[in-house]
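# Prediction below, plus the sequence it came from.
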Amino acid sequence: MNIRPLLDALGLQEDAARTLADDLRTQVDALQTRLRETEAHIEHLAITRETVTALADRLPTRPTSPDLPEHPDYPRVLAVFNEATGALRARDVCEALDHEPLPKNIERTRTKLKRLVKLGLLTDAGSGSFAKAP
């Protein structure tokens, strides 16, 4: 009986298994390197968080302004008053916002101005005029 072909086949399988083991060791080494790098990055992030938190405690606090309503016109209305030199009427603000000066648009703008007065950001200057709060 000739066992040589069987031994040759076993040798091929053994070589393939060794090659696979070598490849897996290479992958493990690469993964361990990536793991060390990631752990170092996590450590740096933790240090950064501690630093930012420590610095935030030292920053002076600014007085908080009231929250503006959600509508995008409110910041634009305040920008109009920041550029204005005096009191403005609802119609003036409406035109500055590029809204058509239709009665419904003017009334909506007037409502927004009154809400800003309630928030203390504008003052009612009388006779339908509004001005920036001091």
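Great, that's in hand.

# any idea how far stretch 110-117 is from the chain center?
Relative to its chain's centre, stretch 110-117 lies at 29 Å (CA atoms, centre = their mean, to the nearest Å).

# wait, is L31 part of a helix?
Yes: judged by DSSP: H, G, I helix; E, B strand; the rest coil, L31 forms part of a helix.

# how many neighbours does it have?
Number of residues near L31 (other CB atoms under 10 Å) recorded here: 10. Bear in mind the C-beta positions are built from the backbone N, C-alpha and C, glycine included.

# do the same with the one 10 residues further on
If you count neighbours by other CB under 10 Å, H41 ends up with 10.

# That one sits in which helix or strand?
helix 4-58 (DSSP states H and E).

# cool, and T123?
strand 122-126.

# Adjacent strands (with direction) for that strand?
strand 129-132 (antiparallel) (DSSP bridges).

# Low-confidence bits of the chain, can you list those?
Along the chain, segments meeting pLDDT under 70 span 60-66.

# go again using 90 as the cut-off
Along the chain, the model assigns pLDDT under 90 to residues 1-2, 50-76, 81-86, 101, 119-121, 125-128, 132-134.

# Pretty sure A90 sits against D124.
No: contact criterion CB atoms under 8 Å: A90 and D124 do not qualify, at 11.4 Å.

# These two - which one has more neighbours?
Neighbours were tallied for A90 and for D124 using other CB under 10 Å; the higher tally belongs to A90 (21 against 13).

# before we move on, which element is the closest residue to that one other than its chain neighbours in?
Nearest non-adjacent residue to A90, counting by CB to CB, 6 or more residues apart in numbering: R110, 3.9 Å away. Take DSSP H and E as the rule and R110 turns out to sit in helix 103-118.

# Run through who's touching that helix.
By CB atoms under 8 Å, 6 or more residues apart in numbering, the residues outside helix 103-118 that reach it are 69, 71, 73-74, 77-78, 90-91, 93-94, 97, 99, 122-124, 128, 130.

# Would you mark the buried spots in that helix?
By 16 or more other CB atoms under 10 Å, the buried positions in helix 103-118 come out as N105, I106, R108, T109, R110, K112, L113, R115, L116, V117.
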